[in-house]
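**Q** With the sequence up front, the predicted model follows.
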Amino acid sequence: MTKFPCSGFESLLCSINERPLQLWCKYVALEGSIKRVEDTLLNGDKVIEIIGKSERSNCKDYIATSISCPAESTNFLNINLPVLIFVIKNLKREGKIEFQLVDQSNFRRRIVLITNTTREKIPKVSPTSAFLPFVLEEDWNILEIDLRNLCLNVYGTEYQSLQRLIVHPNFRIRRIYLQDRHYEHDETPKELYQALADLYALRRTFKYVDKNCQTNPPISVKKLSIIKPVKKKRKKNSEASV
């Protein structure tokens, strides 16, 4: 993991690094692929592309194409930073993002976010697992997930730490990182801004996940508070989402 002097940031994946999957292990099924490709919307910069057949999220006997962090199955991330960020491209195919966290009661929770699905349109929550549909805009998105709000609203408990992260097909990935809170563009710490300078230089290429996208069916994001959009500045006495 990449740590910066501001101590409020940890990078798990940066596609333009020499070894972007150094912290990850790869599982490639017969019909799947994991490779680094050039993306035309990012001026030819290389990104991680994960392609494969999407299986039902409750299938226990099938290991689909995916990347998992940390690389060793016996290790855990143990990161207590609460805001998880993905710079991710919507490939208009069913895709899943899975993460495992521990709450302050020391219970391990497994949460799976599902997009572009025609099968699982209703949130399913059990004491140990939650399957939650979400919506991405076309092309590139900056997806910001507040793990504290997610844990509190889904399970009624306080978030403690992120243990494992798994990305299933079908996405392209630019960056994955964690930070201590939500930052507006004009208040980003100098160290963090420099670390993400190449991302922000291309910000016009990305589409933020906004409230209009999030509040459409199949999920009520206001209730679950899964994704916090990047807010625009507000003018006084008027109301004014890699």
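**A** Okay, I see it. Numbers count the residues shown, from 1 in each chain.
**Q** Please make it C-alpha for all contacts and neighbour counts, starting now.
**A** Noted.
**Q** Any regions of the protein where pLDDT drops low?
**A** Within the chain, the segments meeting pLDDT under 70 span 1-7, 54-62, 120, 187-242.
**Q** could you pull out the helices for it?
**A** 147-155, 190-195, 197-201, 211-214, 221-224 (DSSP state H).
**Q** How about the longest one, which residues are buried there?
**A** Of the residues in helix 147-155, those scored as buried under the neighbour-count criterion (16 or more other C-alpha atoms under 10 Å) are 147, 148, 149, 150, 151, 153, 154, 155.
**Q** doesn't residue 159 make contact with the fifth one?
**A** Yes. A contact is recorded between residue 151 and residue 159 when judged using C-alpha atoms under 8 Å, the distance being 5.7 Å.
**Q** okay, and the common contacts of the two?
**A** residue 103 (C-alpha atoms under 8 Å, 6 or more residues apart in numbering).
**Q** Now do stretch 151-169: everything it contacts.
**A** 50-54, 64-70, 76-82, 94-105, 125, 127, 130, 147-148, 223-225.
**Q** Show the end-to-end separation of that stretch, please.
**A** 24 Å (C-alpha to C-alpha, to the nearest Å).
**Q** Pull out the buried residues from that stretch.
**A** 151, 153-155, 157-169.
**Q** Please determine how far residue 50 is located from residue 166.
**A** For residue 50 relative to residue 166 (C-alpha to C-alpha), the value is 12 Å.
**Q** shared neighbours of these two, which are they?
**A** In contact with both residue 50 and residue 166: residue 66, using C-alpha under 8 Å, 6+ apart.
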